[in-house]
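[1] here's a sequence, model it:
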Amino acid sequence: MHTVGSGAEALKRLDEGAYDLIMTDVIMPEMDGFELCKRIREKEKFRDIPVVFLTAKTRDEDRTRGLEAGANLFLSKPISPDKLLGIVSSTLG
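    Residues are numbered from 1 along each chain as shown. Modelled structure (predicted):
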């Protein structure tokens, strides 16, 4: 597991390694999570990696925008750790 502080850093880290799942927030410095997700989906080698938004955003418009950007799931905080682990496990198969 790796954590990064910005969307630009996430894109750089993706190019350096292999990942099974990407979990991101919407609100980040430099670029928001929607833009990050779009950029991830533009790269052929990342198209099949599940992208999960975990965010304080709760509006239907935000959820729709996240899914349209290419996210597999859009989860709103707060969420229990057990529920989050169950969702991640299910997403990874």
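[2] and the helix or strand that contains Asp15, what other elements does it pack with?
    Assigned by DSSP states H and E, Asp15 belongs to helix 7-16. If you count contacts as 3 or more Cβ pairs under 8 Å, 6 or more residues apart in numbering; DSSP states H and E, helix 7-16 packs onto strand 22-24, helix 33-42. (Each C-beta comes from the backbone N, C-alpha and C, glycine too.)
[3] adding mean pLDDT, distance to Arg59 and mean neighbour count, write these out as TSV.
    Supplementary listing: the helices and strands packed on helix 7-16 in TSV, determined by pLDDT from 0 to 100; distance: least, Cβ to Cβ, whole Å; neighbours: other Cβ atoms under 10 Å:
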stretch	mean pLDDT	distance to Arg59	mean neighbour count
strand 22-24	95	17	20
helix 33-42	96	13	19
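[4] Ala8: which of those is closest?
    Closest approach to Ala8 among those is made by helix 33-42 (8.6 Å; Cβ to Cβ).
[5] and the contacts of that closest one?
    Identification of contacts with helix 33-42 by Cβ atoms under 8 Å, 6 or more residues apart in numbering yields 7, 10-11, 14, 22, 24-28, 31, 46-47, 49, 51, 53, 55, 65-66, 69-71.
[6] go on, stretch 9-17?
    Counting by Cβ under 8 Å, 6+ apart, the neighbours of stretch 9-17 from elsewhere in the structure are His2, Val4, Ile22, Thr24, Leu36, Arg39, Ile40, Lys43, Phe46.
[7] ok, for Glu30, nearest residue in space, not its chain neighbours?
    Nearest residue to Glu30, sequence neighbours excluded (Cβ to Cβ, 6 or more residues apart in numbering): Ser6, at 4.5 Å.
[8] that older thread, make a markdown table out of the helices and strands packed on helix 7-16 and add distance to Pro78.
    Output for these, formatted as a markdown table (distance: least, Cβ to Cβ, whole Å):
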| stretch | distance to Pro78 |
| --- | --- |
| strand 22-24 | 15 |
| helix 33-42 | 18 |
